[in-house]
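In: 3D, please:
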Amino acid sequence: MRDPERHPGTPVLKTMVGLPEIAANIRKVMDSGPHHYGDRTRGSALTRSTDPNNERDNRNAACPASRKRPAGKSCDEYPFARTNQGAAKSERRDWGWAWVPVSEQRQQGGRVSAFYQTQRVLDGDRFWVEVP
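Out: Numbering: from 1, shown residues only. You can find the predicted model right below:
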């Protein structure tokens, strides 16, 4: 078990409240992976990546364009594509994806971007994710 007090200044993303399907996907992946990425009580912190190639590779690995999208749904991957722990960078047991409502996906993108900005999470910075 990791001790969150070891990194008391590490920011925590808490804004997935109100996004029930995304929160459920995050929790499922956190619970199943050996590294429990983003779970500050027992896992390893995520680190932000601003490299567009890394983001593209992570999205393509978790949510390839060849996967047919159901109407009104979007492919949600965790860990986030803009991290160094995304699907292209991690072993399969440490990442996952789910179909979520497009409306939730759009809100999530804005919430994560706002978190990065307000908490000054820069390239390579560590952060945690808290889901309800």
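In: for residue 102, see how far away the residue lying farthest from the centre of the chain is.
Out: Residue farthest from the centre of the chain, counting by C-alpha atoms, centre = their mean, is residue 71 at 23.1 Å. To residue 102, residue 71 is 9 Å away according to C-beta to C-beta, to the nearest Å. (C-beta placed from N, C-alpha, C; glycine too.)
In: show me which helix runs longest in this structure.
Out: With DSSP state H setting the assignment, residue counts place helix 102-118 as the longest helix in the chain.
In: okay, buried residues for that helix please.
Out: Taking 16 or more other C-beta atoms under 10 Å as the basis for neighbour counts, the residues of helix 102-118 that come out buried are 104, 105, 107, 108, 111, 112, 115, 116.
In: list the contacts of the closest residue to the fourth one other than its chain neighbours.
Out: What sits nearest to residue 108 in space, not counting adjacent residues and going by C-beta to C-beta, 6 or more residues apart in numbering, is residue 22, at 5.3 Å. Residue 22 is in contact with 16, 76, 100, 104, 105, 108, counting by C-beta atoms under 8 Å, 6 or more residues apart in numbering.
In: pick the one among those residues closest to residue 9.
Out: For residue 9, the closest of these turns out to be residue 16, at 21.2 Å, with distances computed as C-beta to C-beta.
In: now stretch 59-68 - C-alpha only, CSV.
Out: Extracted in CSV, the C-alpha atoms of stretch 59-68 (Å, rounded to 0.1, in the frame of the first residue of the first chain):
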residue,chain,number,x,y,z
ARG,A,59,-5.6,7.0,-27.8
ASN,A,60,-4.9,4.7,-30.7
ALA,A,61,-3.9,1.9,-28.4
ALA,A,62,-7.0,2.1,-26.1
CYS,A,63,-9.6,3.4,-28.5
PRO,A,64,-8.5,2.6,-32.1
ALA,A,65,-10.6,4.2,-34.9
SER,A,66,-11.3,0.7,-36.2
ARG,A,67,-13.6,0.1,-33.1
LYS,A,68,-17.1,1.0,-34.2
